[in-house]
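Model the structure of this input:
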Amino acid sequence: MEHFKNGRNAYSFLVSIPALLIVLSFASCSLLDHDSSSNGNKTALSVLTYADNSASTFTKEKAIWDQFQTNNPDIALSVSYLYEDAYHTQVQADISSGNIPDLTYAWPSSSNVNLFKGGYVKDLTSCLGSDYLSSFSPLALGATQQSGGHLYELPQSSTEISVLYVNKKLLADHGLAIPTTMAEMVAVAVKLKALGKKTILLPDADQWPAQSCLFSTIVGRYLGNNFLDGINNGTKNFTDSGFIAALDYYRSLFDDGVIAASDMDMPYSDGPASFAKDDAAFFLDGDWRVGAFCGSSTDAAYISSSDQENNYTFMALPAMPNEINTGAMPSVQGCGYSLKVSSDANIETAALKLFKYIYSAEVQQKRLEMGSYFPSRLDVNTSSTAPFVQKMIALKNTLTEPCYVLDGVLSSIIITAIQSDLLALGKGSMTTAQAATDIQTALIAWRASR
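Residues are numbered from 1 along each chain as shown. Here you go, the predicted structure:
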């Protein structure tokens, strides 16, 4: 899956490698001109999508679009498949010319800000309506994550960054219940330590998991997105008492034995094998990490399908003391399609039909089985997938409170300071007051550079 491919970079939306272009034309119109019009008795539609024609799944991806053409002979469909730089270059060329395809594959982030803010594409909240959108995950629909502040592309997925992988059997074998609060987690940690087991495994030698998977959750639960918005607009500071309280809670997890200081030196890549060997009862990572446990055509599964089904489950971090945003989950919207604003009623009707086909449960199931992404629809049949995939989707479908991932909204100079200081706090070599001051210094430097 897209989420699984590159570990930490699974939810990074910026690409910059030279690309291949392949064009499939089902109509006489030029794809680069995106000519959408009535063509005889057919309505011509143009699509710009994102695909690598050298990928093993490309034939299946093409078949999805082919099927729509077969089912709709009254529509002449032209699909451009572009990848990486070629895609981004074409989007900017389309914007410059004002000649936008009827459907454009888009990122929710700043890479498509000109597409969203130029009046070229529809606000999908009003276009699709609440009844239609009720079939999609609330975490995929948060318009505030999109440049422009509206739902200009409907995410085909969302990536949840802070999932707690739970070894039910290890807990049950020692008479321990799954904790429902972090206070209960502390009590479990005491017992697990006596057994020579870790509680929550958090490998952080790469210096991003503590920030993305854990501290983003703490900030989201304690302070919410408004605090980080305030950091960026100059109304909040990292020396504010609420942020120091978040640092205090992070540090307490090490003091209470919930997370081992030795995890700060464990490489990210070592996490799945360690968890699969019962070194810890819990493992904190993103939803994409199920791929490491399920195996592939070349790599054996760390955990068998039978054990996945019977001995493990997934959950969000339990309730934290004094949290104000219950259940907040760091989440990043995935890519999806935008609908062009058109004055031609026939084209609008045909484009909406194509759009709803691409977002149908049938197509999202095909893409799930292709390993493309976790679907944003709530009604996709997952029965043909591995138990861990089914369980992850079941968890994702219960989540309703997305919050920011720190490195998704803060400058790299600030993130570098946060990651370094979280490492030091975990090892006990820095106080939370010192960390707050150090991160504030980075914030001041960033503000001065703007």
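
Tell me the gap between stretch 397-414 and the middle of its chain.
From the chain centre to the centre of stretch 397-414 is a distance of 9 Å (Cα atoms, centre = their mean, to the nearest Å).

which parts of that stretch are buried?
Going by neighbour count (16 or more other Cβ atoms under 10 Å), the buried part of stretch 397-414 is 397, 399, 401-411, 414. All C-beta spots, glycine's among them, are computed from the backbone N, C-alpha and C.

for stretch 64-71, same thing?
Neighbour-count burial for stretch 64-71 flags 64-65, 68-69 (criterion: 16+ other Cβ under 10 Å).

export these to CSV and tack on pLDDT and distance to S343?
Shown next, in CSV, are the buried residues of stretch 64-71 (pLDDT from 0 to 100; distance: Cβ to Cβ, whole Å):
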residue, pLDDT, distance to S343
I64, 98, 29
W65, 98, 25
F68, 98, 23
Q69, 97, 24
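
Got the domain ranges for this structure?
Taking automatic domain parsing as the domain assignment, the ranges for the chain are 2-157+335-379, 163-331+404-449.

average pLDDT for the last one?
Going back to what we said before, that points to domain 163-331+404-449. Here domain 163-331+404-449 scores 96 as its mean pLDDT.

Go ahead and report the secondary structure state at the nearest residue to N167 once chain neighbours are set aside.
Spatial nearest neighbour of N167, chain neighbours left out: A281 (5.2 Å); criterion: Cβ to Cβ, 6 or more residues apart in numbering. At A281 the chain is in strand, as set by DSSP: H, G, I helix; E, B strand; the rest coil.

hmm, who's touching the one helix or strand M315 maps to?
Element membership for M315 (DSSP states H and E) is strand 312-316. The set of residues external to strand 312-316 that reach it, using Cβ atoms under 8 Å, 6 or more residues apart in numbering, is 162-169, 178, 303, 327, 329, 388, 391-392, 395, 399.

Show me just the buried residues among those residues.
Among these, those buried by neighbour count (16+ other Cβ under 10 Å) are 162-167, 178, 303, 327, 329, 388, 391-392, 395, 399.

Which members of those residues are the farthest-apart pair?
The largest separation in the buried ones among the contacts of strand 312-316, counting by Cβ to Cβ, is between I303 and G327 at 26.4 Å.

Could you double-check that D74 lies in contact with T43?
Yes. Counting by Cβ atoms under 8 Å, D74 does reach T43; the two are 6.7 Å apart.

Compare neighbour counts for the two and give me the winner.
A direct count of neighbours by other Cβ atoms under 10 Å for D74 and T43 places T43 higher, at 24 against 9.

Would you agree that one falls within a helix?
No. Counting by three-state DSSP, one finds T43 to be strand, located in no helix.

List the buried residues in stretch 220-228.
Within stretch 220-228, the residues scored as buried using 16+ other Cβ under 10 Å are 220-225, 227-228.

let me fix that: stretch 423-439
Quick answer for stretch 423-439 (16+ other Cβ under 10 Å): 423-426, 430, 432, 435-436, 438-439.

who touches that stretch?
Here stretch 423-439 has contacts from 204, 207, 210, 238-239, 243-244, 247-248, 250-251, 254, 259, 261, 263-264, 414, 417-418, 420-422, using Cβ under 8 Å, 6+ apart.

Please, where are all the strands along this structure?
21-25, 38-39, 42-50, 75-82, 103-106, 154-155, 158-160, 163-167, 198-201, 280-285, 312-316, 329-333, 336-339, 402-403 (DSSP state E).

Please identify which of those strands is closest to A361.
strand 154-155 (14.1 Å).

burial count for the nearest residue to Y120 once chain neighbours are set aside?
In space, and not counting its chain neighbours, Y120 is closest to I100: 4.6 Å by Cβ to Cβ, 6+ apart. Neighbourhood size, I100 [other Cβ under 10 Å]: 23.

swap in A448?
Neighbourhood size, A448 [other Cβ under 10 Å]: 7.

re earlier: of the buried residues of stretch 423-439, which is the nearest to Q90?
I439 (39.5 Å).

Which residue is the nearest non-sequential neighbour of that closest one?
F238 (4.4 Å).

Backbone dihedrals for that neighbour, both of them.
With angles defined as degrees, to the nearest 10, F238 sits at phi -80, psi -10.

so how far is I259 from it?
Going from F238 to I259 by Cβ to Cβ, to the nearest Å gives 22 Å.

Right, I'll call it a day here.
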